[in-house]
Every structure is written in C-alpha cells, then in structure tokens.
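Novice: What shape does this take:
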Amino acid sequence: MLVPKVVTWWFIVFLVISRPIFADTLKDLKVLGWGGGGAFTSTSEFNDAIFLASDVAGVWKQVNGRWQPYVEGLDNYNVTALVGFHQWLFAITTDELFVSNGTQSWRSTKVKLDTYRSTSDQVYAKSNDGKLLCIANRDQKISCIDAHNHLRSTPTPEKAINGVFFDHKDSNLLYFFSDTKLFTLNILNSHIELLKTFADKIVSLQTFNGHTYIATSKNVFAVADLESAAYSSAKIVNFFTVDDAEGDIAFISTGNRWSTHLKTIDLGQSKSNKLPKVQLGFDKGLPHRPYQNKMTKLLSVNQIKGKTWLTDYWGVYQLDIGDDIKLIEMTNNAINTVATDLVVTSTNIYVSTMDNGIIKMHKSSTDPSPVYKALAFDKLKGHSWSLLHHDNGIYGVISPWDDANDYLFEYSEVDDTSKSVKLTNYTTRDSKGAFWGKSYSRQLIFYDDFFTYRDGKKGGLVKNNNGMFANDESNRLGHSNRVYRAISVHNDLLFIASCEGAPRVLAIDKIGGLKVLENLPRGFCPFTLYSHHDSLYLLGARKGQSVIYQLGDNDFGQLLAAQKGSAFYQMAINPNNDKQIVAATISWSNKATSGLFVSNDGGQTFSEKSCLMSHKNGVAAIKFDQDNVYILQKVGGLILVAKTELFSQDSCS
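Specialist: Numbers count the residues shown, from 1 in each chain. I've put the predicted structure just below:
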C-alpha cells in the first residue's frame, strides 16, 4: 500500500550555550541525598561523561560514580530520552527539545515536541552515516536534525508515532511505527509507504546479525519476511539486541509493564552459547529494593563505554555479558523518590515520599554518602503524604497502593520499633472532584490526638481510632472536601481551609464545636496552613499567582504574591528571629517554574533565592535546625544551607 508523498520543510535550529551549569552560590550547599525520580527514562554517553534522565527530575550527570543534578536551564523535567549528536547533548522532553554541551546550561532549541515514556517506545534514531537524528512525535510528524543543526519535519499519515529506526544499510531509509502499523520513510524524497499492519501492537525494531527484525507483543519477524514469525512468545514487552564479539545477542522481556522477565532468545543465526535467562542483581542497599525486586518495562537500552545500559521505572542497570549474562544495578543515589514532607530530630532525618513510604537517614552534614533505611515497606507499601514528630515518635500518614484506606504509622527512635493503625474505612480511592481524582488523608496534625483531613466526596475530618470525627456538614468543607494540606492547630483551635465552591476557613474546638468561619478572598485556593505565634498564614494560588495571606482580625492581608510555580506551598519563620521568613512555591507540573523567597524584615520585603535550589520544581518542606535550614525539594534531594547564606543580602541569579 502506498501513501501519497507529503510535504517537508527545513529550518535552522539556533543553539545558544552560555552561562555555567552551577551558580557560584551553590559552593556552600550540602546536598544530603538522592536525585528524585518517577521513572528512569534514558542514559547517554557524551564527551566521556554519563548522563541519566527521568520523567520527574530531569537529568543527572555521573560524577565520581554518583549522580548529580544537571538541570540548569532545563525548563521541563519530564525527559523522555537523552541523545548525544555531534557536539551537542539533546534532551527530548514531552513538549520541547533542549540542548547542552555537557558542561553548561541547557537551552531550548524552540523545537516543539510531543513525546511520552509510555507511548514513545523508540523515541529517536540516528542514521548509520551519522548525518541525521530523527525524533518520533505523537502529533503526526517526524522531526529530523542534521549535523549542521537544520531541522526537517515530515507529516505522517498516523497521528501518534511510537518509534523510529534507521535501516542499518541505507541511511536514507527510516522505519517508523504507530500502534500495529509499520511504515518506511524515504529521507531523500519524503515518500512514505505502509509495509504491514500487524495483528498485535509493535514493540520495537532492532538489527541482529546484519538483518532488521521487528517485534510485536506476540511475535518477532525479520523485516525481509513479515509473514513468517522468527520467534513467538506471549506478552512481549521489550525486544532489543546487543552487539557481542561472538555474534549479536537478542533479548526479550515478557510479562507486563510492572513485572517482566528478561531472557535471551534464539533467532536462528546467533553464534552465542549464552544462557537463556538473565540473572538479576539488584542493589539491596536501596530502600525500595526489599519489595521492588523485579524488572519493569524497559524504557531505554543504550551502549555506553562498551557496556549495555538499561533503564526501567525503578532503576538503572548494566548488562554484564560473560559466561553468564548478569544485570548489575547502577542506580546508586538516584533513588526513585518524590518527597512530600520532612522531620529533623537531634540524630536523624526522616522523609516521606510518594511510592516509597518513609525513609530514615542519620543526621550528618559531613557524610557524602548517607545511608537510607526504609521504615514502613514491610508493612505498608505506597504513598506517604506527611510526617509529624511527637514525643519520641515519628508519625506519618501512609496510603497503600492496594488498599483504599489511610494508615497512621508510628516509629520509635528509642527502641527502633514501628506499628500502624487503620484510620478510615473505604472501598475505593477514586473520587470525582477530589484533588487529581483520588482521595487521600494528606496532612497529619496533633490536637490532643492525631487528626487528618481526607479529601474526596466522602471525605472529612479523621480522628485516630475513632473514624470520622464529626461527619456533619459543619465540619465537611464542600461536596468534594477539597482540602489538600490546609489544616493546622492555631491558638488552641483546629483550622481547616478549602478551595471548593465559595472558599472558606473554619476553626473547630476540641469537642467539635464550630468557633470561627471566614470566607477566603474570592478565587483563592489554599493548599497549606502555617501557624506561628498569633499569626495564621494561608498558602496557595489565586488568579494565576502564587499567594500567601495572613489571617488578621476578620480579614486577610496579602503577605506575598509571585508569578512563580503553581502555588505557594511551604513557609517557615526562624524560631530565633521572627524577622527572618522563608517561603517557597511548588509546581504541579514537570516545569521548572518554582521559586524560593526570603525576608529579613518580617515580610515587608522579599528577595528571591531560587538559585539555591538544584531543581526549580518546588519545595515540599522547610525546617530550621540550629544554624542551618533544611530545604526538601519535591525532586532533587535535601539541601542543607546555613542561615547566614540563606538570609544574606547577596544577589541570587
């Protein structure tokens, strides 16, 4: 079947590299921890350095065996793939193409993209003659860049292109696939031809011993013979090949996205006598490995320094091809976490995270490689939204993946024991109208007992060991109870704020009586409450701005507004100096738009200190501790900065 020739066009991609990747102000900072991540999407070797990408935290660079954030100038942290091409390192994000020389800041090429890790299976391909780099788009086009940084885009008959692959002999012949359809594109004349529509979804194309093969979810075919399968297996998730001295080795993984089995296969031409199964060697020192001990769907396969590097949702690996084929984990400090809250005690640091529960590490500003301990994995596997230090215990709210209920988790620093108590009685988390369609108890507070507020249609105030504290309309804020973490104890009352309908804030006493009811400024959505002495601060967003209000006598005064991030989310006042305030925004997207602000005059004026953050995606917690301030980034790790540095008058750019 032939598809009519389509129009192509060329223009120059302007690549400008200027300022260094790290500002001078970072020299006094100590990063205590991990890189953050959601899925590890790609690795790349460039100028003798190794780079790693994720769909949450952008890009890391390996320095002395450890991963270091490499995101300055990268405005989108959702990176689908990394690729070195001539003198540039390209970051293919979900919506734009960025470029760096590997030592300096990222810059946008102004090339718009549409990619995503779950549907862009082979997001890029480089021609064998080294002249072209082509990228698969989901918006009905293929974009190709040549060695002179010219861009050529070719419209395609199918909208969502899942992958591209150059013919290993003819650099002018590009294969591309969309769902079950395999096409070819002639680079010279832009002619597109549909080769075949398969019965099953296409997984990938690879070269094996001089021949091109294509895998669907059930079969592997030689492109020279698309009618007769060279290999068949149920539920093929990935297919890739490795160039080995004894002959190419073909691999498949079978199963599903979250649990796969990796093995070699015989396509009838291999000279290898390798074992059929790959031995999995996970790093048991990582907090998530006690329960995340399987391979998931591979998101990238790359050749780096003579080794095959793999990434999946949970880690980074090398294939060791010897008498046996082994998988060696290289994840190191790039632990897959998205942080949500922080507790700092005299000896330890505790971090709550999405997916990975609660993590503990020893408090040491001099240890370059802190050791982490997972506290709740053996009991509760899922999200943890907030932490609280009470007496000698560390308390957190944990929401398991496989349970619709929320649990109060308690850990004792005295005897290193833990326990959990179910807080709610639900059959589902799905709740239309709740934040992001899921119902959770996100904030934990102590008010003569432990309380949380569960958002969602059937949500409300939850008291430890007593179910719903007061399940009546006076204590339920709207139809969907859109209370995120806007609950706090203030002046011996329990304050709760909602941004649903006509936003309001109410206060409840210890016997459930309603004491205060105030309407919030029109259009304001509160996400967090912060109490300090006689002042209550409401942090959130209003009319496209991130805003902080201070509750006064029956009114709300605006403390700070900024065109940064999605909402103001965290603030803290120096307990030894009320004039010193630090506040930060958060981004609900993967954009590098958030900011950090400080005041030395009690909030009369603020200066921006965003350059202190390794990532500009937002701050999940701020804690003062003696002479330092801990700033927990949503992704990017935990930063320890001296108070004198944070509140200095030096400019920050």
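
Novice: tell me the domain boundaries of the protein?
Specialist: In terms of domains, the chain is parsed into 2-329, 337-414, 520-653 (source: automatic domain parsing).

Novice: okay, those domains in JSON lines with distance to F495, mean pLDDT and mean neighbour count next?
Specialist: Any C-beta I mention is one placed from the backbone N, CA and C, and that applies to glycine too. As requested, the domains of the chain are exported to JSON lines (distance: least, C-beta to C-beta, whole Å; pLDDT from 0 to 100; neighbours: other C-beta atoms under 10 Å):
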{"stretch": "domain 2-329", "distance to F495": "31", "mean pLDDT": "86", "mean neighbour count": "18"}
{"stretch": "domain 337-414", "distance to F495": "16", "mean pLDDT": "88", "mean neighbour count": "19"}
{"stretch": "domain 520-653", "distance to F495": "6", "mean pLDDT": "93", "mean neighbour count": "20"}
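
Novice: quick one, which of those domains is nearest to S439?
Specialist: Of all the domains of the chain, domain 337-414 sits nearest to S439, with 8.1 Å by C-beta to C-beta.

Novice: From start to finish, how long is that closest one in a straight line?
Specialist: Start-to-end span of domain 337-414 (C-alpha to C-alpha, to the nearest Å) is 27 Å.

Novice: ok, now stretch 586-601?
Specialist: Terminal residues of stretch 586-601 lie 24 Å apart, using C-alpha to C-alpha.

Novice: can you redo the domains of the chain as TSV with distance to K438?
Specialist: Shown next, in TSV, are those (distance: least, C-beta to C-beta, whole Å):
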stretch	distance to K438
domain 2-329	16
domain 337-414	9
domain 520-653	14
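
Novice: Looking at those domains, which is nearest to K422?
Specialist: domain 337-414 (5.4 Å).

Novice: Please compute how far that closest one lies from its chain's middle.
Specialist: 19 Å (C-alpha atoms, centre = their mean, to the nearest Å).

Novice: again, but for stretch 133-151
Specialist: Centroid separation for stretch 133-151 versus its chain: 26 Å, with C-alpha atoms, centre = their mean.

Novice: send the alpha carbons of it over as PDB?
Specialist: The C-alpha coordinates for stretch 133-151 follow below in PDB (Å, rounded to 0.1, in the frame of the first residue of the first chain):
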ATOM      1  CA  LEU A 133      18.900  12.400  14.200                       C
ATOM      2  CA  CYS A 134      15.200  11.800  13.900                       C
ATOM      3  CA  ILE A 135      12.500  12.000  16.700                       C
ATOM      4  CA  ALA A 136       9.100  10.300  16.800                       C
ATOM      5  CA  ASN A 137       6.300  12.700  17.600                       C
ATOM      6  CA  ARG A 138       2.800  12.000  18.800                       C
ATOM      7  CA  ASP A 139       1.400  15.000  16.800                       C
ATOM      8  CA  GLN A 140       1.600  13.500  13.400                       C
ATOM      9  CA  LYS A 141       5.200  14.200  12.400                       C
ATOM     10  CA  ILE A 142       8.800  13.000  12.400                       C
ATOM     11  CA  SER A 143      11.400  15.700  13.200                       C
ATOM     12  CA  CYS A 144      15.000  15.200  11.900                       C
ATOM     13  CA  ILE A 145      18.100  17.300  12.700                       C
ATOM     14  CA  ASP A 146      21.300  17.200  10.600                       C
ATOM     15  CA  ALA A 147      24.900  17.800  11.600                       C
ATOM     16  CA  HIS A 148      24.500  21.500  10.800                       C
ATOM     17  CA  ASN A 149      21.600  21.900  13.200                       C
ATOM     18  CA  HIS A 150      19.000  22.200  10.400                       C
ATOM     19  CA  LEU A 151      15.500  20.800  11.300                       C
END
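
Novice: Tell me how many other residues crowd G437.
Specialist: 11 (other C-beta atoms under 10 Å).

Novice: What does the pLDDT read for it?
Specialist: Each residue has a pLDDT score; the one for G437 is 90.
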